[in-house]
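# Okay, sequence plus prediction incoming.
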Amino acid sequence: MNGLTKRAGAITAVAATLFLAACSSAATPAPTAAPASVAPAAPASAAPASVAPASAAPASAAPASAAPTSITIGIALSTLNNPYFVTMENAAKAEAAAKGVTLIVADGQNDLAKQTSEIEDFISKKVNGIIVNPVDSNGIVPAIKEANAANIPVIAADRGVGPGAQTAAFIASDNVQAGKLSASACFKALGGKGNVAVLTGTPGASATNDRTKGLQEALAAYPGIKVVAEQTAQFDRATALTVMENILQAHPDIVGLFSENDEMSLGAIQALKGVSKAGTVKVCSIDGEAAGLAAVQAGTILETIGQQPAYMATTALDDLVTLAQGGTIQGGFIAAPLNQITKANVAQFIGK
């Protein structure tokens with residue numbers, strides 16, 4: 001009986017221990033995992049009233065989970081048939097290589113449907129971020145909304161995205177100011193009077209709309225200037241050559257030309273050379289690309305407003321990498337500096 005008593009006592013002790021452990025477990029709930037906190041984005045800097053900024057997406061657009069070990073960024077450019085956007089492409093490639101980031105480049109060829117398809121392809125590949133330079137600022141909204149739904153942050157470069165879609169930032173020049181500065185330089189050189197022609201950019205692009213608005217502001221200060229022809233040349237050199245030839249046939253007495261980018265200015269200068277008016281018709285432009293600077297130096301372009309396409313591309317890529325790594329960015333409208341470039345100072349900009 002003594003052995004049985006000892007065995008019963010041992011069983012009772014084990015049961016008691018198990019009972020107390022169960023009670024302790026029930027009384028102390030397991031800790032729940034704290035949600036991953038995401039620091040709020042810094043306040044967006046205000047865009048000039050004349051430029052409609054894209055809505056800043058919160059920094060939480062980047063997933064709250066651990067940062068990816070590899071990062072892929074897509075850049076959708078409106079066209080690569082323009083040295084200005086090739087500069088953006090090359091700057092983005094160099095920055096991506098420096099940061100160990102995979103960059104996918106898409107050439108929209110000034111075709112909204114093509115660019116929309118390219119952005120949808122980025123989404124299907126689950127890129128970590130998208131840089132977009134829209135063919136059509138409003139037309140691209142549905143594609144950007146698809147990226148928003150996929151939680152992929154988007155940054156607009158040089159041209160904005162229309163209302164209805166979210167962008168984490170919009171990096172561009174103040175294109176209204178660029179248009180006003182360029183047109184004013186032309187009108188001042190003409191003594192405030194005379195017939196002028198205007199070549200506008202791609203219809204629907206925010207840069208076109210804003211530069212045209214700047215032109216209108218300049219015209220208000222020069223009532224003696226008369227715009228006798230205003231046509232789009234699609235920001236394209238070859239198109240501008242044909243358009244300008246037609247303008248010169250209809251208006252051989254023009255004394256000035258305001259062109260919304262250097263490529264169109266260069267095409268127009270070819271037409272002016274055909275009627276021996278290159279250098280006599282005052283041509284004012286925007287962009288500051290290499291061939292445009294050479295034309296300023298040669299005296300066939302009176303002035304161009306230099307932009308910073310490389311700065312826009314590298315800043316956009318850096319910001320998307322920061323978001324992919326779980327960080328925050330300034331967001332909102334980020335202004336790229338403008339430079340007024342004339343024959344007097346063009347040498348300091350050549351080769352940069």
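Cool, the structure landed. Numbering: from 1, shown residues only.
# host element of the closest residue to N138 other than its chain neighbours?
In space, and not counting its chain neighbours, N138 is closest to G162: 3.6 Å by Cβ to Cβ, 6 or more residues apart in numbering. Just so you know, the C-beta spots here come from the backbone N, C-alpha and C atoms, and that holds for glycine as well. Per DSSP states H and E, G162 falls between elements, in no helix or strand.
# what about G162, neighbour count?
By the criterion of other Cβ atoms under 10 Å, G162 has 18 neighbours.
# Low-confidence ranges, the chain, go.
Within the chain, the stretches with pLDDT under 70 are 1-67.
# Residues contacting stretch 289-308, please?
Contacts with stretch 289-308, where a contact means Cβ atoms under 8 Å, 6 or more residues apart in numbering, come from 83-84, 87, 158, 173, 178, 181-182, 185-186, 189, 262-263, 265-266, 269, 272, 278-279, 282-288, 336-343, 346-347, 349-350.
# What about the closest residue in space to I334 that isn't next to it in sequence, how many residues nearby?
Spatial nearest neighbour of I334, excluding adjacent residues (Cβ to Cβ, 6+ apart): I171 at 4.5 Å. As a burial measure, I171 scores 26 neighbours (other Cβ under 10 Å).
# follow-up on the earlier one: buried ones among the contacts of stretch 289-308?
With burial judged by 16 or more other Cβ atoms under 10 Å, the buried subset of those is 83-84, 87, 158, 173, 178, 181-182, 185-186, 189, 262-263, 265-266, 269, 272, 278-279, 282-288, 336, 338, 341, 346, 349.
# Okay, and which of those map to strands?
282-287, 341 (DSSP state E).
# From these, pick the one nearest K213.
I286 (13.1 Å; Cβ to Cβ).
# can you pull the contacts of the closest one?
Listed by Cβ under 8 Å, 6+ apart, the contact set of I286 reads 175, 178-179, 182, 211, 259-262, 304-305, 307.
# repeat for G192
For G192, the contacting residues are 222, 224-225, by Cβ under 8 Å, 6+ apart.
# do you know how far T116 is from V132?
Per Cβ to Cβ, to the nearest Å, T116 is found 11 Å from V132.
# quick one on the thing from earlier: among the ones in strands among the buried ones among the contacts of stretch 289-308, which two are most distant?
K282 and D287 (17.4 Å).
# Distance of D210 relative to K188?
Counting by Cβ to Cβ, the gap from D210 to K188 is 21 Å.
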